[in-house]
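# model the structure of this input:
(2 chains)
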Amino acid sequence: MSKTLIAASARPMVLSLLLKGESYGYRILQEVTALSGGTIDWSEALLYPVLHRMEKEGVIRSQWKMSEENRMRKYYALTESGRRELDVEKERWLNIHGAFLTLWAAVEEPE
Amino acid sequence: MFELEEAISKWRKQLEADPALEPGYVAELEAHLRDKFDDLITQGRSPEQAFNEAVRALGDAGLIGSQFFKATTPRRSGRPSSQAPRFVPALAWNYVRTATRAFRRNRAFSVINVAGLALGMLTFLLIMTWVRHELSYDRFHEKGDRLFMVLTEDNKGASWSTTSYALPPALKDGYPEVRDFARVWPWHGSLVKYGDVRFEEDDIMLTDPGFFRMFSFPFVKGSPETALADKNSIVLTESTARRYFGDEDPMGKALTFDDPGQDLTVTGIVRDVPANSSLQFDMVGRVEWLGEERIARWTEWVGPAYVQLLPGVAAETFNTKIGGIFQERIGPNWPPRPLLQPFSKSYLYRDGRPGVIVQVVIFSAVAVLVLLLACVNFMNLSVVQSIQRGREVGMRKAVGATRGQIARQFLGEALLLSFLAMALALAAAPALLPAFGRLAGKSLTLFGAGPAGLIGLLALAAAATGLLAGSYPAFLLSSFRPVETLRNRAAAPPGGARLRKALIVFQFAVSVVILVGAIVVSRQLRFIKAFDLGFDRDQVVSLDNNLQIYPRMDTFKQELGGRPGILGVTYAAQRLLYVGQTIGVDWEGNPEPIPARIGYTMADYDFFEVFSMEIVRGRAFSPAFNDAKTDTCIVNEAAAKMFGWEDPVGRTIVWSQDSIDPAQRNVRIVGVVKNFYDRSLRSGIRPFMFRVWRPYNSYIFVKVDKNRLPQALLGMKEAFEKFAPDHTFRYEFLDAYFEQQYDVETRQGRLFNAFGALSLLIAALGLLGLAAYTAERRTKEIGIRKVMGASVSGLVTQLTKEYLALTGAAVLIAWPAGYYVMSRWLAGFAQRTPLSASYFLAAAAAMLVVVLVAVGTRTLRAARANPVDSLRYE
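Below is the predicted model:
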């Protein structure tokens, strides 16, 4: 998958993953890999700067917590503005998705 | 055995070393690494494999750091927060303060530095303004690229700005490439009347109707198409029209011209002719004034002519096409051929040869050199001055300044000063321009066509100078370790010294070349002015003849001759030194198939007496022989030599002039006059013939007694006004007229002197600064030498020696260069002063004196100083 598409989808992807509850960097990575069946391969070093920037912008917030495995981890959770951004993003991606579907359906029908 | 904790802590340390990664980030990454490690172990990797793979997946420290940095940087410039800023605003005031402090510490030195550069820039600006003025000549014609001057080239490759009068119309009729033509003949002058208003007009130009269609002289009234349609029409410039008509409408009004004795109707008013036009006029009439028959003749070679070619016609091709037209029309043996030269070049290339352009090139070179000198000086002095700031640099570095910051500080400072100099030059230029214009004989406007080019060039020079001047402290001083610069008083630039010496040699060499130039030009001018032209030009006054005197030339001569202080009176059609006329002559034994062209003028009796010209064979003209009515002539030695006759007196030559009645073409030589110059010295001596012609001669020449000059002039005025009450009495001394011909050279000489002095001044300023610096740097050494018993004179010699060697090197370079340039310049004169070695010695001596004075005074002060003071310093 192209780098620009990965970069463009990283933010909404993170927001969406956090929708079901707080999570930490490594698990986010694993979930993305699992979700996409390995086709979306985020560079590990890329994720953290993205998370930090999002935190700085206030769409997510973080908290250091001791995990069950007795390891300190930084957990990220959605904020109110994060939810709002996700709504906007969702609409955008669905629009694009819908447009593509219509296009492809129109091409397939004459066959 | 692989130790996980040890490996992780090592990895962590690596990350922590990256300033972009805060400890919190690193902890987060560590948690990630551990998670990944655990996963990989579960997948069955060995601990070492698992660790390495996990680390690789995260990427190396630098990559992570830069990614973090991108996400977190607060700076707009994108510069990592770990790196020092390019510019610390808080330090700005400090920079200004240290700069002014450094400026003040060596106030004289700094003022010299900036003033020197400003002076150089000012010179550059002034000269280039003049250069642009010269280059702007004749560029304002809309059809400029299609206008050509018709020259004539002979078989020896020499060319003149003149052509056969029948040629331009023939070109237009016979060649579709020619759109239009205009022959131009400057009329000698006329008394012009409108009612009671009368003026002697000198700038009357005669031309063809095509003139205003071709050249863009904007019309205020009338139109370029129709203005010259009628043969009796005249076009005036605005200010000329105002002289006659004031606020009246001049269109359709008649002006009375005493010569050619006609009333002409004003058919157009054009704007005054701009100064940068090579075509100058107050009035424009039709060339038919000269006589319709005359201007239709193929053998009449007068005045310049211009043609307009259709767009896209190449002059070279057309030149080839019309190359044989004279042979076709006049005769197969005529060698000349017409040659079209772009009109825009006619000012810079006179007669098809480099003219003003030579001066333009010489002075542009001088301008660039002077600017270069000033820049070199500025660099030298700035470098020297900045050496003293080694400690400042050390201090700045010690408290955390980076090299980049120091470099920018010093470059900025140097740029500020060089641009200050530029601002000073720009401010002073308008004030000095009028004076410079007088020196150059032009009325100049600063920037003329537009300031962009010159200011841009100057700004470029200022920027380059500033950057180079600032580069020593910026790059070299800042590279020293602070400890060293702080410990020593100053660190000398190791490579800088050689460069500085080279720059000084260059500077001296240029100064010496300019000095040689100044000396040679002034010598040549003195030589020319004292040169024996073969006739006496002192004490001869020239008056313009006129129609009221023509019929009574003999009585006027008698009237004048009887007055006090007047030693002799004669007439002639031409003024010696400005003879434009040539005639064709043939003789028995002429080796060429065509008649030779020789100089010619009609004269009156007493001509040779008034001009004190020596008759070497035969006799002078005399009424006793009735030369006015007989077929006699007098030739010069050069003509006799050309005829190949030992004694030409009594032999006959033949005019070959269509306009002369064939019965009168044979003329008998009655005398041979000693050779003389009939044009400028540059043209040399040529064969020449005189004949007596009484009814009509344009000039009156009066030889006066120098001691009774006022009476003589008064007598002339009275006689003139008695005989020609309509005309204004105007006179001119021939020697002044002669010197006027060398106006260009005289001005060149004056400019050269000014620039020679200027370049010496700049060099001296630079030296003064350098000497001061050397003396200061060697204070301690001088002190020790004195304690050990060195004498003041010995010390001065020691300190000056270096500069003397540099002067010597410069002189060795400058002499051949000066010799080359000036022998080329002198080659433009037929008579030239020899390039004496003394000129070169004098220039070198002048340079040496400047060096000794500039270096010596400063050095003497250092050598005289009490050694105790200088040694106690450290």
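# any idea how far the lengthiest helix in chain B is from the chain center?
Using DSSP state H to define each element, chain B has its longest helix at helix B:403-440. In terms of C-alpha atoms, centre = their mean, to the nearest Å, the centre of helix B:403-440 is found 22 Å from the chain centre.
# now swap in stretch A:19-29 and tell me
9 Å.
# now do stretch B:864-874
For stretch B:864-874, the separation from the chain centroid amounts to 52 Å (computed by C-alpha atoms, centre = their mean).
# now do the buried residues in that stretch.
B:865, B:867, B:870 (16 or more other C-beta atoms under 10 Å in any protein chain shown). For every residue, glycine as well, the C-beta is placed using N, CA and C.
# thought B:Arg778 was touching the last one, still the case?
Pointing back at B:Ser870 there. No. Counting by C-beta atoms under 8 Å, B:Ser870 does not reach B:Arg778; the two are 9.4 Å apart.
# quick test: name the residue nearest the centre of chain A.
Taking C-alpha atoms, centre = their mean, the centroid of chain A lies closest to A:Met13, which sits 1.4 Å from it.
# assign a three-state SS to the residue of chain A found nearest chain B, would you?
Closest contact between chain A and chain B, by C-beta to the nearest C-beta, is at A:Pro49 (3.3 Å). Secondary structure assignment for A:Pro49 (DSSP: H, G, I helix; E, B strand; the rest coil): helix.
# with A:Leu17 instead?
With three-state DSSP as the basis, A:Leu17 sits in helix.
# burial of it, as a residue count?
By the criterion of other C-beta atoms under 10 Å in any protein chain shown, A:Leu17 has 18 neighbours.
# and the one 10 residues further on, by the same measure?
As a burial measure, the neighbour count of A:Arg27 was computed by other C-beta under 10 Å and equals 15.
# contacting residues for it?
B:Asp35 (C-beta atoms under 8 Å, 6 or more residues apart in numbering or on different chains).
# grab the nearest non-local neighbour of residue 41.
Picking chain A for this. A:Thr33 (7.0 Å; C-beta to C-beta, 6 or more residues apart in numbering or on different chains).
# right idea, wrong chain: chain B
Among residues not flanking B:Ile41 along the chain, B:Ala50 sits closest, at 5.2 Å (C-beta to C-beta, 6+ apart).
# pretty sure that neighbour contacts B:Leu33?
No. Judged on C-beta under 8 Å, B:Ala50 makes no contact with B:Leu33 at a distance of 10.2 Å.
# and the contacts of stretch B:817-827?
So stretch B:817-827 is contacted by B:362, B:509, B:512-513, B:516-517, B:520-521, B:524, B:832-833, B:835, B:840, B:843 (C-beta under 8 Å, 6+ apart).
# how about a cut-off of 7 Å?
Outside stretch B:817-827, the residues that touch it by C-beta atoms under 7 Å, 6 or more residues apart in numbering or on different chains are B:512-513, B:516-517, B:520, B:524, B:832, B:835, B:840.
# buried residues in it?
Result for stretch B:817-827 [16+ other C-beta under 10 Å]: buried residues B:818-819, B:821-822, B:825-826.
# so how far is the one helix or strand B:Trp185 maps to from its chain's centroid?
In this structure, B:Trp185 sits in strand B:178-187 according to DSSP states H and E. In this view, strand B:178-187 has its centroid 30 Å away from the chain centroid, taken as C-alpha atoms, centre = their mean.
# partners of it in the sheet?
Applying DSSP bridges to the sheet, strand B:178-187 is found paired with strand B:204-207 (antiparallel), strand B:305-309 (antiparallel).
# out of the buried residues of stretch B:817-827, who's nearest B:Lys529?
Distance to B:Lys529 across the buried residues of stretch B:817-827 (C-beta to C-beta) is lowest for B:Leu826, with 15.6 Å.
# can you tell me how far that closest one is from A:Tyr75?
From B:Leu826 across to A:Tyr75, the span is 95 Å (C-beta to C-beta, to the nearest Å).
# circling back: what residues does the strand holding B:Trp185 touch?
B:165, B:168-169, B:171-172, B:204-208, B:210-211, B:213-214, B:287, B:289-290, B:302-310.
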